[in-house]
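K.L.:
How does the following fold in three dimensions:
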Amino acid sequence: MKKLIFIGAGIICLIIIVVACSRNKKETTPAHTKNGKILIVEYGDYKCPYCKKIEDNVMPIIKKDYIDTNRVEYQFINASFLGKDSLMGSRAGNAIQAIAPKEYLTFQKNIYAHQQEEKKHWITETLLDKEIDQLNISQKQKERIKKEYKTKNSDAWKEAEKQKKLTKEHHIQSVPTVFINGKKVEDPYKVKEWKKYL
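P.N.:
Next comes the predicted model:
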């Protein structure tokens, strides 16, 4: 009988330890670029109204002072938390990143400008195609981007799935979440908080 009590107590202790450890998983992200630049990683979702606040209020300054001057590398990881159309938007963004990377931030800004209620299915192929057509790239690039984001199992589709997986692996529970050189920006809605790490 005592043996059973000790075994039972041991199992309970083990369960408590496993649960406690799983709750303490900290949000993480890659900390450095290969070329030594400061790395900004933003986990977001085109349908997230709080992410749009960053796009409208913070990104213009970060883009002008840091991205356009080649002082930082910026990565947007689309968590695609908010529906199937979020995932479609992620695929389009990934296709642009691969085929016309200099136009990506223009696309991101324009998609956020169309944002509607997050529960509504508003990211459509029609909207994405319209925004792709307005990019300052060749017609051939536009057609390649459209084909890439619409083709099942394309690199853009695989990258969208990879980004969802990274979001989970790095324990990102909500968006927006911003890291600069691996350090979490506690209040990502304020430029001065970003500048602490830049």
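K.L.:
Not counting sequence-adjacent ones, nearest residue to residue 66?
P.N.:
Excluding the flanking residues, the one nearest residue 66 by C-beta to C-beta, 6 or more residues apart in numbering is residue 72, at 4.4 Å. Where you see a C-beta, it was placed from the backbone N, CA and C, and this is true even at glycine.
K.L.:
What count of nearby residues applies to that neighbour?
P.N.:
As a burial measure, residue 72 scores 21 neighbours (other C-beta atoms under 10 Å).
K.L.:
quick one: low-confidence parts of the chain?
P.N.:
By pLDDT under 70, the weakly predicted segments of the chain are 1-33.
K.L.:
let's go with 90 and repeat that
P.N.:
1-36, 118 (pLDDT under 90).
K.L.:
show me what contacts the residue nearest the centre of it?
P.N.:
In the chain, the centroid-proximal residue (C-alpha atoms, centre = their mean) is residue 77; its distance is 2.2 Å. Contact analysis of residue 77 by C-beta atoms under 8 Å, 6 or more residues apart in numbering lists 41, 42, 43, 44, 163, 166, 167.
K.L.:
thinking again about what came up before, make sure the residue nearest to residue 66 is actually in contact with residue 36.
P.N.:
No - contact criterion C-beta atoms under 8 Å: residue 72 and residue 36 do not qualify, at 11.2 Å.
K.L.:
Spell out the residue ranges of the helices in this protein.
P.N.:
When assigned using DSSP state H, the helices of the chain occupy the ranges 2-23, 49-57, 59-62, 84-99, 104-113, 125-133, 139-150, 155-169, 191-195.
K.L.:
Highest mean neighbour count out of those helices?
P.N.:
Neighbour counts (mean count of other C-beta atoms under 10 Å) averaged over each of those peak at helix 84-99, with a mean of 23.
K.L.:
and it with helix 104-113, angle?
P.N.:
When axes from the mean of the first three to the mean of the last three C-alpha atoms, to 10 degrees is applied, the directions of helix 84-99 and helix 104-113 differ by 160 degrees.
K.L.:
Show residues contacting helix 84-99.
P.N.:
Counting by C-beta under 8 Å, 6+ apart, 45-47, 76, 78-80, 103-104, 107-108, 111, 121-125, 128, 131-132, 135, 137, 141, 144-146, 148-150, 154-157, 159-160, 163-164 sit against helix 84-99.
K.L.:
tell me the angle that helix makes with helix 155-169.
P.N.:
Going by the same axes, to 10 degrees, helix 84-99 makes 120 degrees with helix 155-169.
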